[in-house]
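1. Just the structure for this:
(4 chains)
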Number of protein chains: 4
Amino acid sequence: MNVPVTPGTRDLSTNRDHALARFLGIRAQTEALSEPLSPEDQTAQSMPDCSPTKWHRAHTTWFFEEFLLGPQLADYRSFNPDYQFHFNSYYEAVGPRQPRPHRGLITRPSARQVGEYRKAVDRSVTDFLKTQPAELPQQVADVMELGINHEQQHQELLLMDIKHLLSRNRTHPAYAAAPEQSEPRQSKPMNWHDITGGITSIGHSGDGFGFDNEFPRHQVLVPDCQIADRLVTAGDFADFITDGGYRDAQWWLSDGWAWVQNNDAKAPLYWHGDPGNWQLFTLHGSGPLDPAAPVVHVNYYEADAYAHWAGARLPTEAEWEVAAASSSNAAETLALHPAPADDSGDLQQFSGAVWQWTSSPYTAYPGFRPAAGAVGEYNGKFMVDQQVLRGGACITAPGHSRDSYRNFYPAAAQWPFAGLRLARDA
Amino acid sequence: MNVPVTPGTRDLSTNRDHALARFLGIRAQTEALSEPLSPEDQTAQSMPDCSPTKWHRAHTTWFFEEFLLGPQLADYRSFNPDYQFHFNSYYEAVGPRQPRPHRGLITRPSARQVGEYRKAVDRSVTDFLKTQPAELPQQVADVMELGINHEQQHQELLLMDIKHLLSRNRTHPAYAAAPEQSEPRQSKPMNWHDITGGITSIGHSGDGFGFDNEFPRHQVLVPDCQIADRLVTAGDFADFITDGGYRDAQWWLSDGWAWVQNNDAKAPLYWHGDPGNWQLFTLHGSGPLDPAAPVVHVNYYEADAYAHWAGARLPTEAEWEVAAASSSNAAETLALHPAPADDSGDLQQFSGAVWQWTSSPYTAYPGFRPAAGAVGEYNGKFMVDQQVLRGGACITAPGHSRDSYRNFYPAAAQWPFAGLRLARDA
Amino acid sequence: MNVPVTPGTRDLSTNRDHALARFLGIRAQTEALSEPLSPEDQTAQSMPDCSPTKWHRAHTTWFFEEFLLGPQLADYRSFNPDYQFHFNSYYEAVGPRQPRPHRGLITRPSARQVGEYRKAVDRSVTDFLKTQPAELPQQVADVMELGINHEQQHQELLLMDIKHLLSRNRTHPAYAAAPEQSEPRQSKPMNWHDITGGITSIGHSGDGFGFDNEFPRHQVLVPDCQIADRLVTAGDFADFITDGGYRDAQWWLSDGWAWVQNNDAKAPLYWHGDPGNWQLFTLHGSGPLDPAAPVVHVNYYEADAYAHWAGARLPTEAEWEVAAASSSNAAETLALHPAPADDSGDLQQFSGAVWQWTSSPYTAYPGFRPAAGAVGEYNGKFMVDQQVLRGGACITAPGHSRDSYRNFYPAAAQWPFAGLRLARDA
Amino acid sequence: MNVPVTPGTRDLSTNRDHALARFLGIRAQTEALSEPLSPEDQTAQSMPDCSPTKWHRAHTTWFFEEFLLGPQLADYRSFNPDYQFHFNSYYEAVGPRQPRPHRGLITRPSARQVGEYRKAVDRSVTDFLKTQPAELPQQVADVMELGINHEQQHQELLLMDIKHLLSRNRTHPAYAAAPEQSEPRQSKPMNWHDITGGITSIGHSGDGFGFDNEFPRHQVLVPDCQIADRLVTAGDFADFITDGGYRDAQWWLSDGWAWVQNNDAKAPLYWHGDPGNWQLFTLHGSGPLDPAAPVVHVNYYEADAYAHWAGARLPTEAEWEVAAASSSNAAETLALHPAPADDSGDLQQFSGAVWQWTSSPYTAYPGFRPAAGAVGEYNGKFMVDQQVLRGGACITAPGHSRDSYRNFYPAAAQWPFAGLRLARDA
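-> Okay, the predicted model is just below:
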């Protein structure tokens, strides 16, 4: 097998014990996230874009079998040969697989059996690492790193997907109890931050892990512009709705207006109730909308329409990355709903709140090379008809994202934890 | 509430203790059928026509709450008010409900909670019956009888639906181990049985329970004709396939030919492998096709095309009912796959094997009156674009069906345990 | 070629000169009906169920080539071999053909070229007949008769289809100027006519031409019942709407209620405006609804729901045929919209107004045999999921229909000139 | 009305007589292109993306009424008020309109009436211009220019759309006779041309007319790279097919592979026959594929897959525009199929052959401002999920395109005259 490394990841730590500890920690975290969910919750699939919890747990496990254990161990016998079919996501090079819209039909293996699968593979990986030198071969370190990052991505998907499933239950069950509530605050006023244009570099700096789509770091020409110091809030967005935003074609892209009409869209996903008394479903159940919190679960059409209405625009991904470099961010902790901006006046909320739609379609950086082998299907083959989102959400695994991280979704997707930050020409 | 009785059911037993014993027996049987299935198996929905096991268990329970406990007990408090939404099937008069294609999203209540729901309602029904006189009021006896028959119908649906779900799993898991196999037998030759035409009566005789659509018993004019003494076998049907049956438009109804082409149909549902080596998925898992067993899981198009190819036709429901009256049937026992005909030369297999497509569209008998109230939605509103099937299948609850019983499905449905018997003009 | 005759048609006139005169008259009538329509009007297809005028003109011509000239004349060369592909409707035995939904893409041949095609085939048929004896061979007489009746059917379809197309133009153009308007009249009161039940015969008597599906004439058992002396009027139907008929599930079949909701149905096809001020689009353009005229362009769901709401039901086709035998009908003349009942008190409007939905699904009569050869595809292969309509419409070719005539459409079809007559149990 | 000018167009000629002459010439050209087409040909719509010829003729006429005559003439009465509904394309600000997929149902007005409409508007524009000063007011000159360019775009669409319609006719009729055929030539070898990277400017220079999406001219950073001196030929593309290109997922974007499978794609649009004997339908009818001519009617997925297979990539639009600046192009003449490259060794075929897919998604240039008023809907609202194409096709109106011109289509579109040119990193 060709090693799934990407340029710039060569200086990753190859310390074996560190790798093993990180691996076991991430694996335990996935199980902790699944713990509140019943076997039934873990099996259902609420739409083709979503996957069952159980599937996420198994797929991330299969990844280590397919890309680490199989290639590294000549005599490795897969835990269950059918699992390759059930839990391959989209790797054409690896063979046929369960059609994505039918992942909810995999009632067997059970959630419990998936737990056993996870434990068995954890043991195999642990045993394998213990046979390795204290400084891991680069290939091994790279696959471990990729597998860990891959599993962190699925931790976020697991939460996005279970939120969608629970929202479809008329009782709006909570995934977890709400934290003690602080006093509701008003949105702090939004201020503009100046970006001085010129030639600058974006992309992964080569320090630590990065996905292939963040490479190579390269020069770009950024114009003078301004960027908002905080995210657009739910209260801001409610004003757009009150002003008839969903009924006025002038704010919308043509595809966006068709989406509004075909879906009879009137508010972001998970909003219910009425203007004046908006309710919001979150992973804590349903309750009154907090106007100071960032708006979340808007798609690209909604983000673009809001920006247009507000007399602004979305930033490009280069503008965003330049601004992020001078922002302040508190330490990241996992939360199930994004928190309001603080009153510091800082340029803030670049990570840990919501993914931020940019005006940049998802394309290859100049000189981009997909990784060799099956993992080369990881990113490059999705480079059409998607928009880049930057930052990271409250449900993103802490430490997983970074300023150069490029997330991407189709323009119509509402179920990611995505919001927006405004920009405008200087 | 208007009493959901139908003409002709007035002479049903009103013995309280008998009703209670039958109720508890049927309720326990549903749980026994569910027992081999995990919470995951019980939650998934493999197509909009199918419902999850858990849903069947809860819906049959809701039926007793909605039509017995609520109307009879002034102070009855429903076990959980949300369950009316979740587990109402199609009663418009009762209110809104979970859309049928999304029954698989009801991960909560869990399978265990549904078990508790069942126990609680069983207790409430038991407690209620114990307050009643030894001879139940007719209204109460009628609803008990309807609820019991309704639950028996869902026991069959439960098996049909779980078969479809398990078939979608690439490992083809068995619902239950296969019984000890007797020696494979050849199909016994088919013989024609003469029916002498004339005016005769069909429909429910008034002796025991019947659904409203079996009433009133009425006169019909039946032509002289002949009817096959046994069902068409899997081996017979394999000959049709070998002869190019699925590739020749001349045998097919126009809608049927469109169905063949749109679905690239090549064999009945659950057949796999190739001509010469047909394999069959049953509730016992996959194995070689038994040519002597009745063909099952053909839709109306396939049944009609086969009959056409065989130089015969399907019987009308009146012809079928007349023939059934002179047939011999062994005692009914539940089985998960239909057995071959015996060598007796008798007119046989009218019940306990497979439902038998008739050429009769499903319409009202002359003088038909739907039951009053919400249960009036039970049968009458489906009287368009469906075909009548007669008999009863191996998975039908023993004692549930009868010669006047009218089952019905759309022409394209393959997932019922349905086959066919030939007829021809005299 | 097998002769496309049907049992009972043997006593048709075989007089050559008569056949030729009828042929030329019918052919001229088709051209007269097309005359108000531009080449553009004749080419467009407004939905898959409809065909372009030009297609009807060519298809009826192809029919004489395919079933008369080709089989009878050893050296016949088709006018244009591509036309068999373009203008075959559904005869699988004849070969591949233009997909039905794409008939509107056949811009070539032009309307003018189709006219030349018609003239050429008219000449060939005329020349051929002149070579025949004064008493035609039965085979030839039969095909001539079938071709003439077939073309009459397409004359009606031509008007139905062009009405649908013109209705889709926002200017609601008239196909023909309205006749001088008589004074609007009130609906005459509806009265019930008694039918005495018993064994009677229905089906074609053998006197003159009949389609295969009208044969064999056979005995049926008809119950005592009552049938309305006139059709349901537009005014009657407006009362149903005003009473909330389209908003109340209790009146509707389950499939009908789904149709109402999926189509947001609020009134019959071609009604616009509002209750209290209904406007109607007809082939004379748009104008105020005449409440005394029969309601037309209701589908089976609407007809059944209306009957249910009115405390009645639809007649079976046997009941209808028995009633028709004792009705009085004025001489038939072609009209573009149905006229109100007269005040005679007679049992009336059995033909010449609108096709009348019956509660009978379209099935084979006992002993039915489809005609041999490709024309055997004419009727039998549509015998599933259709309802029988009886009578004949104002746009039906005068003399074409008869009491035993069985028209059929799917339950959801609104574009035929179809209405209803009530019946009820005695 | 706000003037539909765009920055940089201020220096357009305002000479009245010149504008009038160009107007009349372009208008006559549209009629000349329609001349070979019958009323039937001009009415049909072969898919929602295509519009009828008659519609193009009327829509371009409506454009002058809506944006010139109405705003400029206080007492202007529209030729027919219904035409605003029928012939508005997508301007939400102008009001409701015929749904795009149903343009083929507009049988009235007829093709002849559309001709009268065109003549009437031509007269009105001529009369209006004659009242204007010899140097037109800038507003008037701008709208004339926009209307002329708009009509040229529709001249190309007219040819694209009629090609699609004629291709659906099984006789594959020719729009026009083929020109005298020169000797078939082999593809000349492809050579790489070096582009030296750095900061450069792209976008409209301000010299002459441009659409708003070409502005503002702005600096971009272009990498060192290489670009092919000629287009990919049909022969090149046939090699890809022969090598199994349509059967190997590795070459395709994920969406592209889904497109291949859903459409059973095996070759570009309009190719038929088999490998080894490819036939091509063109506006000259069907005939053998010329391997030396550019491949045309590939979509973005096919272009990208070919480039990947060839070890290269598509150019960005900036790379393309830089290369175009140093290319040589012969004088443009309208042709119905693209010609092979010449043997000069020049960097060639940048215009006049086929539109060339670039890897650049269609987005706003930095500082982009849509035109004010309804014409602001011209370009900006389509800036999502489309790819930029550059160059110009053989059917593009001569003189219409330019190096800064940005055409755009969704990735799946095959019916434009689109091909590709390869690029690669230096």
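
2. tell me which residues in the biggest helix by length in chain A are buried?
-> Longest helix in chain A, counting residues (DSSP state H): helix A:138-167. Using 16 or more other C-beta atoms under 10 Å in any protein chain shown as the test for burial, helix A:138-167 gives A:139-148, A:150-167. The C-beta positions use only the backbone N, C-alpha and C, and glycine is treated the same way.

3. Over to stretch A:202-221?
-> Buried residues in stretch A:202-221 (16+ other C-beta under 10 Å): A:202-204, A:209-217, A:220.

4. List the ones among the residues you listed that fall in helices.
-> Among the buried residues of stretch A:202-221, no member lies in helices (by DSSP H).

5. Of these, just say which sits nearest to C:H400.
-> A:N213 (70.0 Å; C-beta to C-beta).

6. Hmm, A:F368 and that closest one touching each other?
-> Yes: counting by C-beta atoms under 8 Å, A:N213 does reach A:F368; the two are 7.0 Å apart.

7. what helices or strands is the longest helix of chain A leaning on?
-> Packing partners of helix A:138-167 (3 or more C-beta pairs under 8 Å, 6 or more residues apart in numbering or on different chains; DSSP states H and E): helix A:16-34, helix A:53-64, strand A:277-282.

8. The last one close to chain B?
-> To tie it back to what came earlier, the one meant is strand A:277-282. No: Strand A:277-282 stays clear of chain B (C-beta under 8 Å from any C-beta of the partner chain), getting no nearer than 14.5 Å.

9. can you list contacts of that strand?
-> Applying C-beta atoms under 8 Å, 6 or more residues apart in numbering or on different chains, the external contacts of strand A:277-282 come out as A:163, A:166-167, A:172, A:234, A:238, A:267, A:270-273, A:286-290, A:336-337.

10. One more pass at 6 Å, please.
-> For strand A:277-282, contacts defined as C-beta atoms under 6 Å, 6 or more residues apart in numbering or on different chains pick out A:S167, A:H172, A:Y270, A:W271, A:H272, A:G273, A:S286, A:L289, A:H337.

11. And the residue of chain A closest to chain C?
-> A:D264 (12.4 Å; C-beta to the nearest C-beta).

12. what's the neighbour count on A:P179?
-> Residues within reach of A:P179, counting by other C-beta atoms under 10 Å in any protein chain shown, total 10.

13. where does the stretch 151-300 of chain A come near chain D, residue by residue?
-> By C-beta under 6 Å from any C-beta of the partner chain, the residues of the stretch 151-300 of chain A that approach chain D are A:Q219, A:L221, A:P223, A:A249, A:L253, A:S254, A:D255.

14. Count the neighbours of the third one for me.
-> The local packing of A:P223 (other C-beta under 10 Å) involves 17 other residues.

15. And A:T196, by the same measure?
-> Counted with other C-beta under 10 Å, the neighbours of A:T196 add up to 11.

16. Nearest residue to it in space, please, no chain neighbours.
-> Spatial nearest neighbour of A:T196, chain neighbours left out: A:D224 (6.2 Å); criterion: C-beta to C-beta, 6 or more residues apart in numbering or on different chains.

17. From A:I195, how far out is that neighbour?
-> The gap separating A:D224 from A:I195 is 7 Å, by C-beta to C-beta, to the nearest Å.

18. Repeat that for A:Q84.
-> 48 Å.

19. of those two, who's got more company?
-> Legend: neighbour count by other C-beta under 10 Å for A:Q84 and A:I195, higher for A:I195 (22 against 19).

20. Could you check the pLDDT of that one?
-> A:I195 is assigned 97 on the pLDDT scale.

21. same question, A:G95
-> Confidence at A:G95, expressed as pLDDT, is 84.

22. on that earlier part again, drop anything exposed from the contacts of strand A:277-282.
-> Among the contacts of strand A:277-282, those classed as buried by 16+ other C-beta under 10 Å are A:S167, A:H172, A:Y270, A:W271, A:S286, A:L289, A:H337.

23. Out of the buried residues of stretch A:202-221, give me the two with the largest separation.
-> It's A:F209 and A:V220 that sit farthest apart of these, by C-beta to C-beta, at 22.4 Å.

24. Show the residue spans covered by the helices in chain A.
-> Going by DSSP H, chain A shows helices at A:16-34, A:53-64, A:70-72, A:81-87, A:111-130, A:138-167, A:234-242, A:254-263, A:300-309, A:317-325.

25. Serialize these to a markdown table and add fields for distance to D:F64 and mean pLDDT.
-> What follows is these, written out as a markdown table (distance: least, C-beta to C-beta, whole Å; pLDDT from 0 to 100):
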| stretch | distance to D:F64 | mean pLDDT |
| --- | --- | --- |
| helix A:16-34 | 62 | 97 |
| helix A:53-64 | 58 | 98 |
| helix A:70-72 | 67 | 96 |
| helix A:81-87 | 61 | 94 |
| helix A:111-130 | 67 | 98 |
| helix A:138-167 | 50 | 97 |
| helix A:234-242 | 36 | 97 |
| helix A:254-263 | 23 | 97 |
| helix A:300-309 | 29 | 98 |
| helix A:317-325 | 40 | 97 |
